[in-house]
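Student: Give the three-dimensional model of this entry:
(2 chains)
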Amino acid sequence: MELYEYTVHELIEKLEKGEITSETLTKSYFDRIKEKDNKVKAYVSTLEESAMKKAKEIDEKRKEGKPVSKFAGIPIGIKDNMCIEGTKTTCSSKMLENFVSPYNATVIEKLNKEDLVYLGKLNMDEFAMGGSTEHSAFFKTHNPWDLERVPGGSSGGSAAAVSAEMAPWTLGSDTGGSIRQPASLCGVVGLKPTYGLVSRYGLVAFASSLDQIGPITKDVTDSALLLNLIAGHDEKDSTSMDMEKKDYTLSLVNDVKGMKIGLPKEYIGEGINEEVKQAILNVAKKYEELGATVEECSLDVGKYATAVYYIIACAEASSNLGRFDGIRYGYRTEKYDNLKDIYRNSRSEGFGPEVKRRIILGTYVLSSGYYDAYYKKAQKVRTVIKNAYDELFKKYDLLLTPTSPTTAFKIGEKTSNPLEMYLADICTVPVNIGGLPGMSIPCALDSKGLPIGFQLIGKAFDEETIFRAAYTYEQNSNFKENKPTFKGGDN
Amino acid sequence: MAISKEEIIHIAKLADLNLSEAEIEKYTKDMQEIIEFANTINNVNTEGMGETIGTNEKVNVLRKDEVVEFGNRDGLLQNAPSQDEGMFRIPKVLN
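Tutor: This next block holds a predicted model:
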């Protein structure tokens, strides 16, 4: 078995026992990247020189018997919208193509304390706006299970890198499904934590009331380990909750007896692919066999979540992206005579088509005469959706849905119709609207050999129940025996 | 009521974006479809409902309002397209 094939919890053991060094481990990933990334194209930039240097330093420390974190020397890949000081953070946009982070994101500060090794920065839809990574201004990322298909998005690079074993784990960000949907399409585990559990400081803002950073991993145990590292209050993010630190690995218990799981019927009905639906029903059956109760329920208002999401997210985005003016950082046009020209021409030349579309939509719903009808109304519907979740969670510990209504679609299949692309998020978006935690766990392959993921949704700040149920499923199933084939894609 | 090309031109101006004729055509069509879809939220009865801005019950966890030295002015300025003596350089604003 090659080193890159192990999970992080297995690698930690090997490092601690001295069976491997961080240097050989880190090198095995860069070798793998050289072998596979010309096809998958997950990385926007790699950090081989600094990573190898860091790995050697950690090995020295271990050899000398100096105290090190158990995570010291474990490599990780980071979505290219989180700042690592002194390295580029591009958001896969021409606007930030040459932006060098002057500081670390809080999640990076936390990983630095544990001496993790950064492999590189991962491709995404420009400014995290999209569900296929086709909106990257640089290049498209390909799904390792079928190179002619998308990896999902917007954290498509982060999910594809874990799936193709070009990183043992990665960080993504999720505004409407951007961790869970690509995790589902790539056959890996993706967690969007409760809004407020992980600091957003140093994450380039898309929609500030929805964005969360979370782990993409090979299994549920690694997800708990990585959430342990990044969760916690940060005084630089006033929306991060000040609460007692939890150890999520304590929830890795193989037992769901007595657990109550709701199965909202709207997400196993119309608009959901038949094979996906069947896979979800099989998961439900498995949970019943394991001693949980699974009951059909209804989240009828969930059908409005996508409309609410695009109004709120685009409104926030149009405001957040107002900062890109060609003055302090980012792309500046060469064509200008005055200040106004700099603003307009820099923005027009620096942003890609999907980003412009969302800025226009956001500006429209916030503009005078439409604010009440769209933005204010959407925020009220958001309350209705939140209340509907609260009602369901009086009865259930968790909700079970598909993560994505389909498996990975073909590159180019949905790019001409933006609305169709937006509807790829129907299962994940309501969770962000409610600020709840959600995890995608791989469960089956469809008849084309493409991964299907199921989603567990929990109460706010109750990631523990998700971990327990996800872990139990994983221990009693065998999806892990499947590996991506890298088929197709001679183009 | 469908969005008109004139409205898209107006909105683009508010957002500081120049649009080509082709972009105006495309975005007008896209916006008509997306807004029609967004209008479905009017089917939800929201009478007496408050607005959810954030989802946390504790909306703001505040810190003391104290000045903290950032300490990396060079790091900030190196990203400026044009700078001079520690300041951002812009074209003349006043005649």
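
Student: tell me the contacts of A:Ile452?
Tutor: Residues in contact with A:Ile452 (C-beta atoms under 8 Å, 6 or more residues apart in numbering or on different chains) are A:Ser184, A:Glu275, A:Val276, A:Ala279, A:Pro402, A:Thr407, A:Pro442, A:Cys443, A:Ala444, A:Leu445, A:Asp446. Where you see a C-beta, it was placed from the backbone N, CA and C, and this is true even at glycine.

Student: Please flag which of those sit within helices.
Tutor: Per DSSP state H, helices hold the following members of the contacts of A:Ile452: A:Ser184, A:Glu275, A:Val276, A:Ala279.

Student: and the two most separated of those residues?
Tutor: Taking C-beta to C-beta, the two most distant members of the ones in helices among the contacts of A:Ile452 are A:Ser184 and A:Glu275; they sit 13.2 Å apart.

Student: what about the two, which has more around it?
Tutor: The residue with more neighbours, out of A:Ser184 and A:Glu275, is A:Ser184; 32 against 17, by other C-beta atoms under 10 Å in any protein chain shown.

Student: Look up how far chain B lies from the more buried one.
Tutor: Distance, A:Ser184 to chain B, using C-beta to the nearest C-beta, to the nearest Å: 23 Å.

Student: before we move on, what about A:Ser173?
Tutor: 16 Å.

Student: what's the answer for A:Glu16, then?
Tutor: On the measure of C-beta to the nearest C-beta, A:Glu16 and chain B end up 35 Å apart.

Student: Quick check, pLDDT for the nearest residue to that residue once chain neighbours are set aside.
Tutor: Nearest non-adjacent residue to A:Glu16, counting by C-beta to C-beta, 6 or more residues apart in numbering or on different chains: A:Lys70, 6.4 Å away. The score at A:Lys70 is 97. That number is its pLDDT.

Student: so what's A:Lys70 up against?
Tutor: A:Lys70 neighbours (C-beta under 8 Å, 6+ apart): A:Ile12, A:Leu15, A:Glu16.

Student: Kindly report the same for A:Lys335.
Tutor: Contacts of A:Lys335 by C-beta under 8 Å, 6+ apart are A:Asp341, A:Asn345.

Student: what's the distance between the residue located most distally from the centre of chain A and B:Asp84?
Tutor: When distances are taken from the C-alpha mean of chain A, A:Asp337 lies farthest, 41.5 Å away, according to C-alpha atoms, centre = their mean. Distance of A:Asp337 to B:Asp84, given as C-beta to C-beta, to the nearest Å: 19 Å.

Student: before we move on, the earlier item: weed out the non-buried ones from the contacts of A:Ile452.
Tutor: By neighbour count, with 16 or more other C-beta atoms under 10 Å in any protein chain shown, the contacts of A:Ile452 hold A:Ser184, A:Glu275, A:Val276, A:Ala279, A:Pro402, A:Thr407, A:Pro442, A:Cys443, A:Ala444, A:Leu445, A:Asp446 as buried.

Student: Model confidence score at the residue positioned nearest the centre of chain B, please.
Tutor: The centroid of chain B falls nearest to B:Ala15 when counting by C-alpha atoms, centre = their mean (7.4 Å). On the pLDDT scale, B:Ala15 is placed at 98.

Student: B:Lys64 too?
Tutor: Looking at B:Lys64, its pLDDT stands at 88.
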